[in-house]
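1. With the sequence up front, the predicted model follows.
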Amino acid sequence: MKILVIEDEQELLDLMLRYMKREGYICEHATTFKDGYKKINNYKYDCAIVDLNLPGGDGLKLIEILRKDMPDTATIIISARNTLDDRINGLEVGADDYMTKPFNLSELNARVKAILRRKTNQMSNELVFKNLLIDLDKRTVVASDNIVKLTKKEFDILVYLARNKNRVVTKDSIAEYLWGDYMDDTFSYDFIYAHVKNLRKKLVQNDCGDYLQTVYGVGYKFISN
């Protein structure tokens with residue numbers, strides 16, 4: 001699961017990131033309204049944890065954008081604003097949950113898991129495109145009744161592209177989705193090229209057709225028409 005934490009209090013941010021990474025999440029972060037806006041406009045997340053009092057703007061606006069443009073992304077507000085009106089306003093704007101500071105990190109983790117479970121139960125466990133079936137629970141792919149054997153990264157890339165069908169997905173966003181903040185300065189996009197090349201070859205070899213379109217200089221698009 002990939003989580004975005006938007007929080008300007010550095011000490012709290014560091015604690016949250018360390019804790020959530022230990023719990024197995026891929027974590028990214030932003031410390032200002034502007035940086036948070038860039039993140040949610042360029043990348044997709046399973047959950048966003050958003051502070052309201054941010055340098056440069058109100059976190060409620062980010063929640064509104066997420067609810068409109070990424071309705072599948074779970075959202076949790078964390079804030080020192082603790083009046084009943086604040087909590088009601090945050091939930092009415094579209095947040096899935098509201099936690100007032102200070103809070104326990106284990107409780108935050110429990111709430112993230114609960115929301116993601118509800119979101120997952122509301123979504124189909126299968127992605128189906130003509131002769132291609134992707135089972136998200138079993139992590140299997142069937143093309144024209146043939147089982148396609150994919151590596152973990154190939155499967156993750158296919159799911160990411162399929163969930164963003166008919167949209168251009170940049171190499172940056174794929175890299176961020178797969179590796180998050182674990183990317184370093186030596187990262188090469190050749191890895192993504194190789195994974196996509198192998199993925200496309202396996203689909204075509206199994207009479208699936210070519211769902212993957214290369215957008216040169218930018219990234220890739222999953223064509224579902």
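-> Nice, I can see it. Every value quoted in this text rests on a predicted model; they were computed, and no experiment measured them.

2. who touches Gly56 in this structure?
-> 32-34 (CB atoms under 8 Å, 6 or more residues apart in numbering). Backbone N, C-alpha and C define where each C-beta goes, glycine included.

3. tell me which of the residues you listed is nearest to Val5?
-> Lowest distance from Val5 to these (CB to CB) belongs to Thr32, with 12.8 Å.

4. residues near Arg81, how many?
-> 18 (other CB atoms under 10 Å).

5. could you say what helices and strands the lowest-mean-pLDDT helix or strand in the chain packs with?
-> Here the helix or strand of the chain ranked lowest by mean pLDDT, DSSP states H and E is helix 171-179, holding a mean of 80. For helix 171-179, the contact count by 3 or more CB pairs under 8 Å, 6 or more residues apart in numbering; DSSP states H and E identifies strand 26-30, helix 152-163, helix 190-205, strand 219-222 as packing neighbours.

6. what's the closest non-adjacent residue to Lys2?
-> Ile26 (4.5 Å; CB to CB, 6 or more residues apart in numbering).

7. Ile3 is in contact with the one you found, correct?
-> Yes: Ile26 is within contact range of Ile3, at 7.0 Å (criterion: CB atoms under 8 Å).

8. the more surrounded of the two?
-> Each of Ile26 and Ile3 has its neighbours counted (other CB under 10 Å); Ile3 has more, 25 against 19.

9. so how far is Ile49 from that one?
-> Relative to Ile49, Ile3 is positioned 7 Å away (CB to CB, to the nearest Å).

10. hey, what's in contact with both of those two?
-> Val112.

11. mind giving me the domain ranges of this structure?
-> 2-122, 126-222 (automatic domain parsing).

12. What residues sit buried inside stretch 195-209?
-> By neighbour count with 16 or more other CB atoms under 10 Å, stretch 195-209 contains the buried residues 195-196, 199-200, 202-203, 206, 208.

13. Is it correct that Leu82 is in contact with Pro102?
-> Not quite, residue 82 is Asn, not Leu. No: if you go by CB under 8 Å, Asn82 and Pro102 don't touch, sitting 10.5 Å apart.

14. Give the residue from these two that has the larger number of neighbours.
-> The residue with more neighbours, out of Asn82 and Pro102, is Asn82; 11 against 8, by other CB under 10 Å.

15. Tell me, how many residues neighbour Glu7?
-> There are 24 residues near Glu7, going by other CB under 10 Å.

16. go on, Tyr25?
-> For Tyr25, using other CB under 10 Å, the count is 19.

17. Let me see the contact set for it.
-> Contacts of Tyr25 by CB under 8 Å, 6+ apart are 1-3.

18. mind listing the strands in this structure by residue range?
-> 2-6, 26-30, 47-51, 53-54, 57-58, 74-79, 97-100, 126-129, 132-135, 140-143, 146-148, 168-170, 212-215, 219-222 (DSSP state E).
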